[in-house]
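Peer 1: quick one, what's the 3D model for this:
(chains A and B)
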Amino acid sequence: MTFSRRHGSAALIACVLLSANAWADDLAVLRGELDRIKSEYSTRIATLETRIAELEAQAAAARAAPPPPPAVASRAVGTGTAFNPAMSVILAGNYASLSEDPATYHIAGFVPGGPGVGPGSRSFNLGESELTFSANVDPYFFANLTASIHSDDTISVEEAFFRTTALTGGFTVKGGRFFAGIGYVNEVHAHAWDFIDQPLVYQAFFDGQLAEDGIQLKWLAPTDMFIEFGAETGNGDRFPGTQRDRNGANGGAVFVHAGNDVSDSASWRMGLSYLDRNADARSYQDVNAAAQPVTDAFTGNSRTWVVDAIFKWAPHGNPTVTALKVQGEYLRRTESGVLAFDTLGANLVGDYRSTQSGWYLQGVYQFRPRWRAGLRYDALDAGATRIGVVANGQLSAANFPLLAGASPRRATGMVDWSLSEFSRLRVQLALDEARATGRDRQLFLQYLYSIGAHGPHKF
Amino acid sequence: MSNRLVTTLLLVAGLAAATPAAAVLRVLATTPDWAALVTELGGDRVNVYAATNAFQDVHRVEAKPSLVARARNADLVVATGAELEVGWLPVLVQESGNAHIQPGSPGYFEAASQLRLLDVPAGVDRSMGDVHPQGNPHVQLDPRNIALIATGLTARLTQLDAAGTAYYEARGADFQARWQAAIARWQTKAAPLKDVSVVVIHKDQVYLCHWLGLREIGAIEPKPGVPPSAGYLAELVTRLSAAPPRLILRNAYNDAKAPDWLAERIHAPVVLLPFSVGGSAEAKDLFGLFEDTLNRLLAALK
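Peer 2: Have a look, this model is predicted:
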């Protein structure tokens, strides 16, 4: 063993010595290679170390952040509310101080419509308590009931309609009882009015607000600009129409609305509507020349044009601090047919034709969060009414004092304060010159409270 | 003349045939954030319209005619849900005459349905203010929420436009990869924000605070949606003066008055945050929104 190792070592040394010269070059190459590999690896290791440090830092940061909320697959969606059906109650009431007796209220020159005309009673009044139920019926229909409980313990159906949800192409069909799609303020529920009462022209022409028992079709044009066409028909039993003992519909209405944005901050909507109605013996109380009460009645056709416009502004569309709303409508009505004088007595019948118009313009400005102030001006023109029995000399014009030419006016101002979007307190002052004589100075204090899940309002 | 007409017609027909199927889905997004997300995921196959801008309070939006028109023509509505848009979106859907976007249809997508919401109240009463019974709906300021919503949204786009499946899936995967990398980057960067005390205005920073570990020690609104009274503000000043927050957070849509007033009295800086895409010049898209939010928070901390 020792021998062989010694010999082996000697042989190796000999070999090395012998070949030393020949290998010297190769060794240098090998050493260079090794150095290169060493430096390459140290660079790589340094990179890896940096990467590990980064990852550790990220992991630490991730540990520091709370775990992401886990996903929950397909939870119930709803634009509406958890309640089904959505139920809401609006409570309203007011205190009224009126310088003139409200029992004598009439809009001079205009055939009286009904209870929707006038400022209501003096002192404390319980307003309409509005009860609304609404929900999708099934995948095809939505239904809504709005009942109104009046302070005299009567209840009325304000709206009760179904509406389609399954139609495409911009079509919607609505049926039942609903506010007619004419004008702007006609479709707005009382609690969303900017003033405690309706514009005079709506009181004079539609007894406040026109509801339709019938059916309505609307079509929205496939444009980026809002253009909507609508047509509706029904029994037409509300003023200015009357109930008629016929199977067919009583007239109807057509309307077109258009609207768009001016900028981020401002938007508008305009409309043109036409209403056609027939009245059968639409009676009203007047007094004759001898100041005796008489009942007169109109039978004929009533056609109304409505032009409406609304403009809303808020900085960047954010109405939290300031916002402005300006709206106005012009209405023109032509009625032609026959007028019967004293239907329970003399019953003199002659032709009748009137062309009457009216407009209002109002602006409401939110000057600081929760506070708004508004102004409104109403003007009507009773026009020159042709009464056949007066024209042919049978009767004197003094027998139709309610129809005597007049131009009623009213100026209104209000301030309201909404502590939240569900409550509102309002003070309103008005100078009402609707009567033929006398100026009614009106003061109202009003409250409005909304509880439950009330549906959102339209523009 | 007639030759030229024929040539023109042929040319028009040829162009029409050659035009790629661009913008097949029309999307109405309730906020600029969802509009940005749909753009990320849908690319050229979607045509997106944002119903609101970052300077609007999404609780208080008018159901404008222009929005009704957009709803009528939409194939897909992307909403936040959880009743955030309850004051206006139902009107758009109802007035649209468009069966495709009714709730429950594939064309109606709610971001909140993809998430577990924070602040779900045990019971709801309006004396508590404007509390959302399904939980806090201001979900967009946690980027992990965005990732979850993106997954759901990609699936929905694929469902509505099957021809684009490969396109949406590729874009979705690309977005998720970029987004996860960005989240990792943001979380590293935001480490100094952990446990920083803040005062908010409305309870709409909850998800941001939850993500970054910011500690909310007070709100300028006494109750959600209820503006502060003078008495409440005085009380807040007394309470916060002892231990002022490091930062007061104000969103682009918030009025400056109340936070500035408070800042002056308790000597804490107000940080104006974009809150939504478009809320600042830097918040051009979702990446910019988070980048800018963190930059502003970190800058205010120095």
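
Peer 1: count the neighbours of the closest residue to chain B within the stretch 251-400 of chain A for me.
Peer 2: Among the residues of the stretch 251-400 of chain A, A:Gly259 lies nearest to chain B; the distance is 2.7 Å by CB to the nearest CB. Quick note: C-beta positions are derived from backbone N, CA and C, even for glycine. Neighbour count of A:Gly259, defined by other CB atoms under 10 Å in any protein chain shown: 23.

Peer 1: just the helices in the chain please.
Peer 2: Picked chain A for this. Using DSSP state H, the helices found in chain A span residues A:2-64, A:200-206, A:388-391.

Peer 1: not quite, I wanted chain B
Peer 2: Counting by DSSP H, the helices of chain B are B:2-18, B:32-42, B:65-72, B:89-95, B:143-160, B:165-189, B:206-212, B:230-242, B:257-266, B:286-301.

Peer 1: and the third one, does that touch chain A?
Peer 2: Yep, that's helix B:65-72 we're talking about. Yes. Shown here: helix B:65-72 in contact with chain A (CB under 8 Å from any CB of the partner chain) through B:Pro65, B:Ser66, B:Val68, B:Ala69, B:Arg70, B:Arg72.

Peer 1: pLDDT below threshold where in the chain?
Peer 2: Defaulting to chain A. A:1-24, A:43, A:50, A:52-83 (pLDDT under 70).

Peer 1: the chain in question should be chain B.
Peer 2: The low-confidence ranges in chain B, as defined by pLDDT under 70, are B:1-23.

Peer 1: dump the residue contacts of the residue in it that chain A sits nearest to.
Peer 2: At 2.7 Å from chain A, B:Pro65 is the closest residue in chain B, using CB to the nearest CB. Residues near B:Pro65 by CB atoms under 8 Å, 6 or more residues apart in numbering or on different chains: A:Phe226, A:His257, A:Ala258, A:Gly259, A:Asn260, A:Ser267, A:Trp268, A:Arg269, A:Phe459.

Peer 1: from the residues you listed, which ones fall inside strands?
Peer 2: Among the contacts of B:Pro65, the members falling in strands (DSSP state E) are A:Phe226, A:His257, A:Ala258, A:Gly259, A:Asn260, A:Ser267, A:Trp268, A:Arg269.

Peer 1: among those, which two are most distant?
Peer 2: A:His257 and A:Ser267 (12.8 Å; CB to CB).

Peer 1: coming back round to it: export the helices of chain B to JSON lines and tack on distance to B:Pro137?
Peer 2: Conversion of the helices of chain B to JSON lines gives the following (distance: least, CB to CB, whole Å):
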{"stretch": "helix B:2-18", "distance to B:Pro137": "43"}
{"stretch": "helix B:32-42", "distance to B:Pro137": "12"}
{"stretch": "helix B:65-72", "distance to B:Pro137": "19"}
{"stretch": "helix B:89-95", "distance to B:Pro137": "12"}
{"stretch": "helix B:143-160", "distance to B:Pro137": "11"}
{"stretch": "helix B:165-189", "distance to B:Pro137": "21"}
{"stretch": "helix B:206-212", "distance to B:Pro137": "10"}
{"stretch": "helix B:230-242", "distance to B:Pro137": "24"}
{"stretch": "helix B:257-266", "distance to B:Pro137": "22"}
{"stretch": "helix B:286-301", "distance to B:Pro137": "17"}
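
Peer 1: tell me which of those lies nearest to A:Ala147.
Peer 2: Here helix B:89-95 is closest among the helices of chain B (CB to CB), at 20.4 Å.

Peer 1: close to chain A, is that closest one?
Peer 2: Yes. Against chain A, helix B:89-95 shows contacts by CB under 8 Å from any CB at B:Leu89, B:Pro90, B:Val91, B:Val93, B:Gln94, B:Glu95.

Peer 1: neighbour count added to those, as CSV?
Peer 2: As requested, those are exported to CSV (neighbours: other CB atoms under 10 Å in any protein chain shown):
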residue, neighbour count
B:Leu89, 30
B:Pro90, 21
B:Val91, 21
B:Val93, 26
B:Gln94, 22
B:Glu95, 24
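
Peer 1: what would the residues you listed look like in JSON lines with distance to B:Asn295?
Peer 2: Conversion of the residues of helix B:89-95 next to chain A to JSON lines gives the following (distance: CB to CB, whole Å):
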{"residue": "B:Leu89", "distance to B:Asn295": "32"}
{"residue": "B:Pro90", "distance to B:Asn295": "37"}
{"residue": "B:Val91", "distance to B:Asn295": "38"}
{"residue": "B:Val93", "distance to B:Asn295": "38"}
{"residue": "B:Gln94", "distance to B:Asn295": "42"}
{"residue": "B:Glu95", "distance to B:Asn295": "41"}
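
Peer 1: closest one of those residues to A:Tyr365?
Peer 2: For the residues of helix B:89-95 next to chain A, the nearest to A:Tyr365 is B:Val91 (23.5 Å; CB to CB).

Peer 1: one step back: most neighbours among the contacts of B:Pro65, which one?
Peer 2: Neighbour tally across those (other CB under 10 Å): the maximum, 26 neighbours, falls on A:Phe226.

Peer 1: skipping adjacent residues, who's closest to that residue in space?
Peer 2: B:Pro65 (3.4 Å; CB to CB, 6 or more residues apart in numbering or on different chains).

Peer 1: how far away is the one you found from A:Gln366?
Peer 2: Separation of B:Pro65 from A:Gln366 (CB to CB, to the nearest Å): 21 Å.

Peer 1: what sits opposite A:Phe298 in the beta ladder?
Peer 2: A:Arg282, A:Leu339 (DSSP bridges).

Peer 1: and of the helices of chain B, who's closest to A:Gly214?
Peer 2: Nearest of these to A:Gly214, taken as CB to CB: helix B:89-95 at 19.5 Å.

Peer 1: that closest one - contacts with which helices or strands?
Peer 2: Applying 3 or more CB pairs under 8 Å, 6 or more residues apart in numbering or on different chains; DSSP states H and E, we find helix B:89-95 packed against helix B:65-72, strand B:76-79.

Peer 1: dump the last one to CSV, keeping only the CA atoms.
Peer 2: What follows is strand B:76-79 as a C-alpha-only set of coordinates in CSV (Å, rounded to 0.1, in the frame of the first residue of the first chain):
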residue,chain,number,x,y,z
LEU,B,76,-76.4,46.3,-19.4
VAL,B,77,-76.8,48.4,-16.3
VAL,B,78,-73.9,48.3,-13.9
ALA,B,79,-75.0,49.6,-10.5
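
Peer 1: show me what it packs onto, helices and strands only.
Peer 2: strand B:25-29, helix B:32-42, helix B:89-95, strand B:108-110, helix B:143-160.

Peer 1: and the nearest residue to B:Gln205 once chain neighbours are set aside, what are its bridge partners?
Peer 2: Closest residue in space to B:Gln205, ignoring its immediate chain neighbours: B:Leu249 at 5.4 Å, by CB to CB, 6+ apart. B:Leu249 forms beta bridges with B:Val271, as assigned by DSSP bridges.

Peer 1: now do the contacts for B:Leu249.
Peer 2: Contacts of B:Leu249 by CB under 8 Å, 6+ apart are B:Val198, B:Val199, B:Val200, B:Ile201, B:Gln205, B:Val270, B:Val271, B:Leu273.

Peer 1: make it 7 Å
Peer 2: B:Val198, B:Val200, B:Gln205, B:Val271, B:Leu273 (CB atoms under 7 Å, 6 or more residues apart in numbering or on different chains).

Peer 1: could you do A:Ala373 as well?
Peer 2: Contacts of A:Ala373 (CB under 7 Å, 6+ apart): A:Tyr365, A:Phe367, A:Val415.
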